[in-house]
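> Just the structure for this:
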Amino acid sequence: LEFRRVLFRSLISTLAIFLGCGDSNPAPTADASSDSIEDKSQEKTPASSFESAKPDDQLDRLSLFNSRLAESEASEGWIKLFDGVTLFGWETDGKANFRVEDGLLVVDEGEMSLLCTSMKWDNYELLVEYRADSEVNSGIFLNTDLVPGDVATECYEINIAPSSHPFPTGSLVNREAASNVPAASGDDWRTLKISHRSGELSINLDGVDVCNYEDPKPPSAGKIGLQHNSGRIEFRRVMLRPLDLKSLLDSDLALWKQYPDMDAKYSVTESGWMRVQGGSGQIETSEQYDDFVLLAEYKLPTPEMNSGIFFRCIPGDKMMGYECQVSNFGSDEDPLVPADCGTGGIFRRQDARFIAGDNEKWVTVVLQAQGPSMSAWVNGVQVSNWTDTREKNENPRRGSRLEAGTIMVQGHDPKTDALFKQFKIRSVN
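Take a look at the predicted model:
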């Protein structure tokens, strides 16, 4: 045990040098003049998912940190639905023994049931790597609820089943049987790649296109579910990339409203990136969004510097919205513990699980808001999953706002100098 403590201290010290630690008393992110109206009755509540927001210990935080995606994958919008460490961001009815073993998501006992994402999705690419013997019956459900409806009309089931099954692996059960299904042994890892766009589904198994289907009446957005039916199945990777996001960056920020009287200044670099400099201020989208998925890629030069992505804002008001924090600032005791909510945390509501961003490097955020629920992934790993259970209010600082609002990017203080290389968004229906 003592050796483990020493090892952790050594690892954290190394990370402190790698990440950088700032002042232990950072300036508050919210505009000070508006703090008095903030409803703090639901500050930093536990997540409404399979597990609580904060990792259990330093080992979990370090494991999550090491599970981040490569910049090339993250910048394309890929996220891990399964982080390889916990079942954070998933939900189940408890009828089967879904669990994490040696970095794998495993189930082998219990009643037929699903493990589902807490958030609903539409229009995406999905990559699933799994291992199961030839007699296992399982499946991947799309556009589903925790208790699925009719797979022929209300949701989709991509089957994982024996070759003798009427709908073998790669089929859409009760819709379209797969063909040219490649054989595999029980020791083989198999890869399913699924493209799902507005009811058009294409399924690739181990590099072979096995099923294509077009739904004349596609369902609305839904959860993604992993099924336990019979036998043992292991999942190594479950990753998603949202499709058809629209860029909000152009040469003159024409899709944004600026506020010249505020201290913050917004410009576009020669590379086409948005630069945020100066003191407190905001830039605001012309369009409004209620349920959406957003991809942003930012860079901060120092650990104590921060910004914020505000959403469902009251148009024209000063940052009266929910805030997805942008901050790589870790605590003095552990640089992986957020000192100021942490990138991807919902400011004043739920801190990020750990610091997933590096200073002076590009950091990717995928933010999704859906009804009262909101989640964020940083460098591919989910760091927040919060549901607003407060009473409804026009102002998200005071209560739950479901109505559409603008997106704002914050200029925080005179030292702010942030770059945004990507800023893309799409409404979720």
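> What ranges does the stretch 51-200 of the chain have for its strands?
Per DSSP state E, counting those that start in this stretch, the stretch 51-200 of the chain carries strands over the ranges 79-80, 90-92, 99-101, 104-107, 113-117, 124-132, 137-144, 156-160, 190-197, 200-205.
> Tell me, how many residues neighbour the nearest residue to Gly110 once chain neighbours are set aside?
Nearest non-adjacent residue to Gly110, counting by Cβ to Cβ, 6 or more residues apart in numbering: Ala96, 3.1 Å away. C-betas here are computed from N, CA, C, even on glycine. Neighbourhood size, Ala96 [other Cβ atoms under 10 Å]: 20.
> in what helix or strand does the residue lying closest to Glu125 once chain neighbours are set aside lie?
Sequence neighbours aside, Arg241 is the residue nearest to Glu125 in space, at 4.5 Å (criterion: Cβ to Cβ, 6+ apart). Element membership for Arg241 (DSSP states H and E) is strand 233-242.
> Beyond that strand, next helix or strand please.
As assigned by DSSP H and E, the chain's next helix or strand after strand 233-242 is strand 246-247.
> show me where pLDDT drops low in the stretch 151-300 of the chain?
Nowhere does the stretch 151-300 of the chain drop to pLDDT under 70.
> If we use 90, what do you get?
184-187 (pLDDT under 90).
> For it, which segments count as helices?
Counting by DSSP state H, counting those that start in this stretch, one finds no helices in the stretch 151-300 of the chain.
> Wait, Thr389 touches Ser400, no?
Yes - shown here, Thr389 and Ser400 form a contact pair, counting by Cβ atoms under 8 Å, at 7.3 Å.
> Find residues that contact each of these two.
Listed as contacting both Thr389 and Ser400 by Cβ atoms under 8 Å, 6 or more residues apart in numbering are Pro372.
> more neighbours, the two?
Ser400 (18 against 12).
> Give the full set of residues in contact with that one.
Applying Cβ under 8 Å, 6+ apart to Ser400 gives the contacts Pro372, Asp388, Thr389, Arg390, Glu391, Lys392, Asn393.
> Closest to Gln282 out of these?
Nearest to Gln282 among the contacts of Ser400, counting by Cβ to Cβ, is Asn393 at 20.3 Å.
> Can you tell me, leaving aside adjacent residues, what's nearest to the closest one?
Distance criterion Cβ to Cβ, 6+ apart; nearest residue to Asn393, sequence neighbours excluded, is Gly399 at 2.8 Å.
> Ok, Pro219 next?
Asn143 (4.4 Å).
> check contacts around that neighbour.
Asn143 sits next to Asp122, Glu154, Cys155, Tyr156, Pro218, Pro219, Ser220, Ala221, Gly222, Lys223 when contact means Cβ under 8 Å, 6+ apart.
> Nearest to Val381 among those residues?
Lys223 (19.4 Å).
> Distance check, the residue nearest to Glu125 against Val383.
As defined by Cβ to Cβ, to the nearest Å, Arg241 lies at a distance of 18 Å from Val383.
> of those two, who's got more company?
Each of Arg241 and Val383 has its neighbours counted (other Cβ under 10 Å); Val383 has more, 30 against 17.
> wait, doesn't the more buried one sit right on Gln350?
No - under the criterion of Cβ under 8 Å, Val383 is not in contact with Gln350, lying 9.3 Å apart.
> Okay, buried residues for stretch 127-135 please.
Buried residues in stretch 127-135, defined by neighbour count with 16 or more other Cβ atoms under 10 Å: Leu127, Val128, Glu129, Tyr130, Arg131, Ala132.
> May I see those residues organised as CSV, with pLDDT added?
Listed next are the buried residues of stretch 127-135 as CSV, based on pLDDT from 0 to 100:
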residue, pLDDT
Leu127, 98
Val128, 98
Glu129, 98
Tyr130, 97
Arg131, 96
Ala132, 94
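> State the pair within the residues you listed that is farthest apart.
Spanning the widest gap among those are Leu127 and Ala132, at 16.7 Å by Cβ to Cβ.
> burial count for Cys155?
Neighbours of Cys155 using other Cβ under 10 Å come to 18.
> How about the one 3 residues further on?
Ile158 has 29 neighbouring residues, counting by other Cβ under 10 Å.
> beta partners for the residue nearest to it when sequence neighbours are not counted?
In this structure, Ile158 finds its nearest non-sequential neighbour in Ile140, 4.4 Å apart by Cβ to Cβ, 6+ apart. Beta-bridge partners recorded for Ile140 (DSSP bridges): Ile158, Leu226.
> burial count for the residue nearest to Asn393?
Look at Gly399: counted by other Cβ under 10 Å, it has 16 neighbours.
> Thr389 is in contact with that one, correct?
No - look at Gly399 against Thr389 with Cβ under 8 Å: they stay out of range, at 10.0 Å.
> Could you pull up the residues touching the residue lying closest to Tyr156 once chain neighbours are set aside?
Spatial nearest neighbour of Tyr156, excluding adjacent residues (Cβ to Cβ, 6+ apart): Leu142 at 4.2 Å. Leu142 sits next to Leu126, Cys155, Tyr156, Glu157, Ile158, Ile194, His196, Leu201, Gly222, Ile224, Gly225 when contact means Cβ under 8 Å, 6+ apart.
> which of those residues sit farthest apart?
Using Cβ to Cβ, the contacts of Leu142 span at most 15.4 Å, a distance reached by Leu201 and Gly225.
> Now rank the contacts of Ser400 by neighbours and give me the top one.
When neighbours are counted by other Cβ under 10 Å, Asp388 leads these with 23 neighbours.
> how near is the nearest residue to Thr269 once chain neighbours are set aside to Asp188?
Excluding the flanking residues, the one nearest Thr269 by Cβ to Cβ, 6+ apart is Arg275, at 5.6 Å. Arg275 sits 49 Å away from Asp188, going by Cβ to Cβ.
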